[in-house]
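Engineer: I would like to see how this sequence folds:
(one chain, ligands or ions: 1)
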Amino acid sequence: MDQSLNDIIQQLQDIRTQFEKEIEACSGAEVLEALRIKYLSKKGIISGYLALLGKVAPEERPLLGQQLNELKSLAQNLIAERVEGLQLSHRTHTFFDTSLPGIKPLYGRKHPLRVVQDEIKSIFTSMGFRIEMGPELESDYYNFEALNIPVNHPARDSHDTFYITDNLLLRTHTSPVQVRTMEKFKPPIRIIAPGRCFRKDAIDATHYPTFHQVEGLVVDEGINFADLKGIILAFAKKLLGEDIKIRFRPSYFPFTEPSAEYDFSCFKCGGTGCRICKGTGWIEISGAGMVHPAVFKYVDYDSEKYTGYAFGMGIERIAMLRYQIDDIRVFYENDLRFLQQF
Ligand code: PHE
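Structural biologist: Have a look, this model is predicted:
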């Protein structure tokens, strides 16, 4: 041992003074880390002295050990204190920095299908229609039978139905609300019935196993096909503008006679033909027709006295045309990047 214990203790004192000076001047996390390495790491100054412990006389060991431990914990504590102080001042700084831009909360908004459905509803209510609703879980009777589609009728094949039991199913269209409404009320009737429908369709760009329709039904004395065309034209103009044209093509539905499918002139190209209307100038909307006397029979309406018309309307279809969306799946994937555009 070539140094006296007193010398060593004096050196430790100097190291302590030096350390305190350095940590006082220390301004950031990096300098603080450098300081820790300098004094406390394995090859640091304090560790170097710890190695001395083995070399001093046994009776000197306790005092030197105590001095070294004191210095070591002082250094550790001061560094820890400064680290915490730095973090705290950083946090306090951020908290009070009023120039930082705020965090924008995410606002909920209406789904595009809801936007279109609301618009369709408001157009029809402005023309004197009431809103009726029916259940999505429907009985065979309302979905098919009372609509003149008995068991084994070939029209059932076109509705790939989700059956829950023999008698209960997920409605394949909103037409059962026609029957439910006529059971509840006597004419005159003037309603629309928006809602969700289900069919076992394979998913592709234009088919999805769930979709939405709006049903329309008007029953009174003297209602005729011209009234139906008039209301569809008025609706189309309100929804898509004065220049829109409509056309009806003969078709078949068991619950209407005569039956038709109706188209809107393509509002993208105005009827000259484009990608959206596949070159035809027309866009298919849905089916319509005069209520079949057989349906009136189910609800006890006198078909000698009353006549009526009914129409359907696919909401996804109209939303796709309105927003020029070419894939129905986006409505159901709930991708925020899509939904936030509405
Ligand atoms: N319910 C028919 C369908 O889903 C559409 C329709 C409604 C046809 C009303 C005529 C009258 O295809």
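
Engineer: check which element follows the lowest-mean-pLDDT helix or strand in the chain along the chain.
Structural biologist: Ranking every helix and strand in the chain by mean pLDDT, DSSP states H and E puts helix 61-96 at the bottom, with a mean of 79. Moving toward the C-terminus from helix 61-96, the next helix or strand (DSSP states H and E) is helix 112-126.

Engineer: ok, and what's touching stretch 243-258?
Structural biologist: For stretch 243-258, contacts defined as Cβ atoms under 8 Å, 6 or more residues apart in numbering pick out 147-149, 153, 155, 175, 178, 225, 229, 232-233, 236-237, 259-265, 267, 270-271, 282, 287-295, 309-310. C-beta coordinates here come from the backbone N, C-alpha and C atoms, glycine included.

Engineer: out of those residues, which end up buried?
Structural biologist: 147-149, 175, 178, 229, 232, 236, 259-265, 267, 271, 282, 287-292, 295, 309-310 (16 or more other Cβ atoms under 10 Å).

Engineer: just the residues you listed that are near the ligand?
Structural biologist: 175, 287-289, 310 (Cβ under 6 Å from any ligand atom).

Engineer: give me the three-state assignment for residue 59.
Structural biologist: helix (DSSP: H, G, I helix; E, B strand; the rest coil).

Engineer: which of the helices or strands spans residue 213?
Structural biologist: Going by DSSP H and E, residue 213 is part of strand 210-220.

Engineer: what helices and strands are in contact with that strand?
Structural biologist: Here strand 210-220 touches helix 112-126, helix 176-184, strand 189-198, helix 225-240, strand 282-291, strand 307-311, helix 315-323, going by 3 or more Cβ pairs under 8 Å, 6 or more residues apart in numbering; DSSP states H and E.

Engineer: got the angle between it and strand 189-198?
Structural biologist: Put simply, strand 210-220 runs at 160 degrees to strand 189-198, going by axes from the mean of the first three to the mean of the last three Cα atoms, to 10 degrees.

Engineer: give the buried residues for strand 210-220.
Structural biologist: 211-219.

Engineer: who in the stretch 101-250 of the chain is up against the ligand?
Structural biologist: Going by Cβ under 6 Å from any ligand atom, the residues of the stretch 101-250 of the chain near the ligand are 173, 175.

Engineer: and the residue of the stretch 101-250 of the chain nearest the ligand?
Structural biologist: Nearest to the ligand, among the residues of the stretch 101-250 of the chain, is residue 173, at 3.4 Å (Cβ to the nearest ligand atom).

Engineer: surely that residue touches residue 158?
Structural biologist: No. Here residue 173 lies out of contact with residue 158, judged by Cβ atoms under 8 Å, at a distance of 10.4 Å.

Engineer: so for the two, which residue has more residues nearby?
Structural biologist: Neighbour count, other Cβ atoms under 10 Å: between residue 173 and residue 158, residue 173 has more, with 25 against 9.

Engineer: nearest residue to that one in space, please, no chain neighbours.
Structural biologist: residue 197 (5.5 Å; Cβ to Cβ, 6 or more residues apart in numbering).

Engineer: same question for residue 286.
Structural biologist: residue 312 (4.0 Å).

Engineer: how close does the one you found sit to the ligand?
Structural biologist: According to Cβ to the nearest ligand atom, to the nearest Å, residue 312 stands 3 Å off from the ligand.

Engineer: could you tell me the model confidence score at the nearest residue to residue 322 once chain neighbours are set aside?
Structural biologist: Distance criterion Cβ to Cβ, 6+ apart; nearest residue to residue 322, sequence neighbours excluded, is residue 116 at 6.3 Å. Note on residue 116: pLDDT of 96.

Engineer: was I right about residue 116 contacting residue 320?
Structural biologist: No. Here residue 116 does not reach residue 320: they are 9.5 Å apart, not a contact under Cβ under 8 Å.

Engineer: which of those two has more residues huddled nearby?
Structural biologist: Between residue 116 and residue 320, counting by other Cβ under 10 Å, residue 116 is the more crowded of the two (25 against 22).

Engineer: OK, contacts around that one?
Structural biologist: By Cβ under 8 Å, 6+ apart, the contact set of residue 116 is 315, 318-319, 322.

Engineer: residue 37 - how many residues pack around it?
Structural biologist: Using other Cβ under 10 Å, residue 37 has 12 other residues around it.
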